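J.: What follows is a predicted structure for the sequence shown.
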Amino acid sequence: KNEVEQSPQNLTAQEGEFITINCSYSVGISALHWLQQHPGGGIVSLFMLSSGKKKHGRLIATINIQEKHSSLHITASHPRDSAVYICAGPNTGNQFYFGTGTSLTVIP
Amino acid sequence: DSGVTQTPKHLITATGQRVTLRCSPRSGDLSVYWYQQSLDQGLQFLIQYYNGEERAKGNILERFSAQQFPDLHSELNLSSLELGDSALYFCASSVGSTVYNEQFFGPGTRLTVL
């Protein structure tokens, strides 16, 4: 059983579309990190959430503690948003569990 | 540029060999994390050090070991290498020791075991 489940696995969107990526996690996960991995392999941390909602530019991340669910939204998507998005949940022992990633392609 | 450096960028070696991967955290960061990313397993957490002490341990094999030195750089040692150890190895650093700290990732070391 995976502690962190992510969907969808692949996503293709037209430029300008609103995009949602979902992440569900198990009991014991105390915070949720969203990461972006570029085609070249580099990883960038986008958000860390333990409650509520955070916004950075066109990216919005939300978390529902009761439902153990987090979403990453991209508004007005752009081809440069094409990347793999990964959610990661650490348990109380600081051990991180990763989703399998969502490969996003935004077509001009 | 995250400020985290990793060397070498690429490493090609043979089965049974031993290699050392090096990571220098961002200035001021006390935590270093090591991760393995393979095609079939995705990203996996290996180990975390905070200010020289082991803080958390994940799916790190007994053939692998790590340490963090007084200058806060860290090394990941992989021994008795197998084909399945071929992967991208990332380190990340953060200011604090808790899971609530943002992590900054290095560019990774690509290990190929032939």
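T.: Sure, I can see it.

J.: can you give me the strands in chain A?
T.: A:4-7, A:10-14, A:19-25, A:32-37, A:43-49, A:53-56, A:59-64, A:69-74, A:83-90, A:96-98, A:102-107 (DSSP state E).

J.: by contact count, what packs against the longest one?
T.: Going back to what we said before, that points to strand A:83-90. Counting contacts by 3 or more C-beta pairs under 8 Å, 6 or more residues apart in numbering or on different chains; DSSP states H and E, strand A:83-90 packs against strand A:4-7, strand A:19-25, strand A:32-37, strand A:69-74, strand A:96-98, strand A:102-107. Glycine gets a C-beta too; all of them are placed from N, C-alpha and C.

J.: what angle do it and strand A:59-64 make?
T.: Angle, strand A:83-90 to strand A:59-64, by axes from the mean of the first three to the mean of the last three C-alpha atoms, to 10 degrees: 30 degrees.

J.: Same question for the second one.
T.: For the pair strand A:10-14 and strand A:59-64, the angle between their directions (the same axes, to 10 degrees) equals 130 degrees.

J.: Show me the strands paired with strand A:10-14, marking each as parallel or antiparallel.
T.: According to DSSP bridges, strand A:10-14 forms sheet pairs with strand A:102-107 (parallel).

J.: what's the angle between the strand it pairs with and strand A:32-37?
T.: 50 degrees.

J.: So what touches strand A:102-107?
T.: Around strand A:102-107, the neighbours that count as contacts under C-beta atoms under 8 Å, 6 or more residues apart in numbering or on different chains are A:6-15, A:17, A:19, A:21, A:74, A:77-86.

J.: partners of B:Tyr89 in the sheet?
T.: Taking DSSP bridges as the rule, B:Tyr89 bridges to B:Gln36, B:Thr109.

J.: these two touch, right, it and B:Ser38?
T.: No: counting by C-beta atoms under 8 Å, B:Ser38 is not a contact partner of B:Tyr89; they are 9.8 Å apart.

J.: Tell me which of the two has more neighbours.
T.: For B:Tyr89 versus B:Ser38, the count of surrounding residues by other C-beta atoms under 10 Å in any protein chain shown is larger for B:Tyr89: 24 against 15.

J.: Now do the same for the more buried one: its pLDDT.
T.: Confidence at B:Tyr89, expressed as pLDDT, is 98.

J.: Quick check: the gap between it and B:Val19.
T.: Here B:Tyr89 is placed at a distance of 10 Å from B:Val19 (C-beta to C-beta, to the nearest Å).

J.: Kindly point out which residues are neighbours of both of the two.
T.: What both B:Tyr89 and B:Val19 touch, as defined by C-beta under 8 Å, 6+ apart, is the set B:Leu111.

J.: near chain A, which residues of chain B?
T.: For chain B, the residues found near chain A under the criterion C-beta under 8 Å from any C-beta of the partner chain are B:2, B:33, B:35, B:42-45, B:48, B:55-58, B:88, B:90, B:92, B:97-105, B:107-108.
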